[in-house]
Every structure is written in C-alpha cells, then in structure tokens.
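Undergrad: Okay, sequence plus prediction incoming.
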Amino acid sequence: MTEPAIRQRDAERTRAELLEIATRTFAESGYSGTRVDEIAARTRTTKRMIYYYFGGKEGLYLAVLENAYRSIRDAEQALHVGDLPPVEAVRRIAELTYDHHLEHTDFIRLVSIENIHRGDFIRKIESLRTLNAPALGVLDVALTSGRAEGTFRSDVDALDVHLLISSYCFFQVANQYTFGYLFDRDLLDPARRDHLRRMIGDIVVAWLTDTDRTDPA
C-alpha cells in the first residue's frame, strides 16, 4: 500500500473514531455540557486533531447529527421496498425503524437535545433536507403501489405515515424512564421487543388498508 493511501486510511479511521466517541459524549452530556478536551481524552487523538478535522466543537456536533440521520436513511434504502408487495413493504419499514431506534439510542437522545435547542444547529446542515428526502421516497414507492392495486387508502401521504412510525418508535426510547416509572413496564425489555415491533407494523398496515374510511376528495 502506498504512503498516501495509508495516510488516507488512517485519516478515515481517526475521523470515524472521533464521530463515534463524540456521538456518545454529546448524547450523554448535550451540546452545552460537552467539552472538546473530554472527547479528545476518550479517543486516541488530540484536541488539535478535532479542530483539524471538524473546525471545532460546533463543526463536530453538526457532523455527529448528520451522521446519525444518515444511518437510518441508509438502512431504509437497503430494504429495496420496490421489490416487495406494498403491505409487506410498509410493515418492513415500520419494523426496521423500531429496531433501529432501539439499537441507536444515542440518535434519540441527540434528536431530543436538538429539539431543546429549538433546532438551532440542525438548520445549519443544509444537506440534511436532501439526505432525509429518501425517507419519504421509500414510503411513496410502497404507497403508490398499494393504491394502484386498491390495497391502500388514497387520503394518506408518505409524511403522514412517516410521522406515525417515527412517533411510536421515538417514544419507546425517549420516554422509557418516565413511562416505566408511571406504569411499571420496561419498554426496552427484550422479552417484549417482538410484541412491540409487531404492534407498529400492525397499526400502520391496518390504518393504510382501511379503505372504507378514506376521506372524500
């Protein structure tokens, strides 16, 4: 391997490690409570390298946010919903979102933190609008196919479905402590995971296939 290729590989490894540790740290402490020195101390690099790769704390936080959203979008694209029957496609999207949120709890914490900041930082990432567009595109493919065969109601759009799925899946992680205390039920209990995953799939499919309830145009 040539020296430039080795340097490139090392740079990519260092950047990936910084993003991984920074994601965990920002999710634990929030933007205001996180120090660059702390992130550097938890990695095999230095504060100077963080500034070199990301320009500083804000640049690193923005990169963490973008990377977190990219993860779920990449997972959705990997489903290839155009190759699936519409009902199976929407169920798979719902169940994938459920699993992803439970397996990436830092993502939920980051989104919650960003909402506390009223979206101040996410507005600075212009690429996120483009990055998140496929989330609706994936659903649109399934909805269009389902309507064409008469399976899905016509008064629901992709954003409606995305909102329903995201709300349910986000709640499982974001409200686990308050819900668990109030109702004495662990939403992240592995023994209930299959049941709760099936629930969101059933809800979405039942709602979309209730064609008798379609609102008049």
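TA: Cool, got the structure.
Undergrad: CA only for contacts and neighbour counts going forward, please
TA: Will do.
Undergrad: Phi and psi next, for F121.
TA: F121 has phi and psi values of phi -80, psi -40 when expressed as degrees, to the nearest 10.
Undergrad: From what I see, it and I113 are in contact.
TA: No: in this structure F121 lies outside contact range of I113 using C-alpha atoms under 8 Å: 10.3 Å.
Undergrad: if you count what's nearby, which of the two comes out ahead?
TA: More crowded of F121 and I113, by other C-alpha atoms under 10 Å: I113, with 19 against 16.
Undergrad: What segments of this structure are helices?
TA: 3-33, 36-41, 47-54, 57-77, 86-103, 105-116, 127-148, 158-174, 176-183, 193-208 (DSSP state H).
Undergrad: Quick check: which of the ones you listed is buried the most?
TA: The highest mean neighbour count among those, using mean count of other C-alpha atoms under 10 Å, belongs to helix 86-103: a mean of 20.
Undergrad: for the residue nearest the centre of the chain, what are its contacts?
TA: Geometric centre of the chain, nearest residue: I72, 4.3 Å, by C-alpha atoms, centre = their mean. By C-alpha atoms under 8 Å, 6 or more residues apart in numbering, I72 lies in contact with 97, 100.
Undergrad: any idea how far the residue lying closest to I125 once chain neighbours are set aside is from R123?
TA: In this structure, I125 finds its nearest non-sequential neighbour in L62, 6.9 Å apart by C-alpha to C-alpha, 6 or more residues apart in numbering. L62 is 10 Å from R123, where distance means C-alpha to C-alpha, to the nearest Å.
Undergrad: same thing with H101?
TA: 22 Å.
Undergrad: re the thing from before, so the residue nearest to I125 is in contact with G119, correct?
TA: No: taking contacts as C-alpha under 8 Å, L62 lies outside contact range of G119: 11.5 Å.
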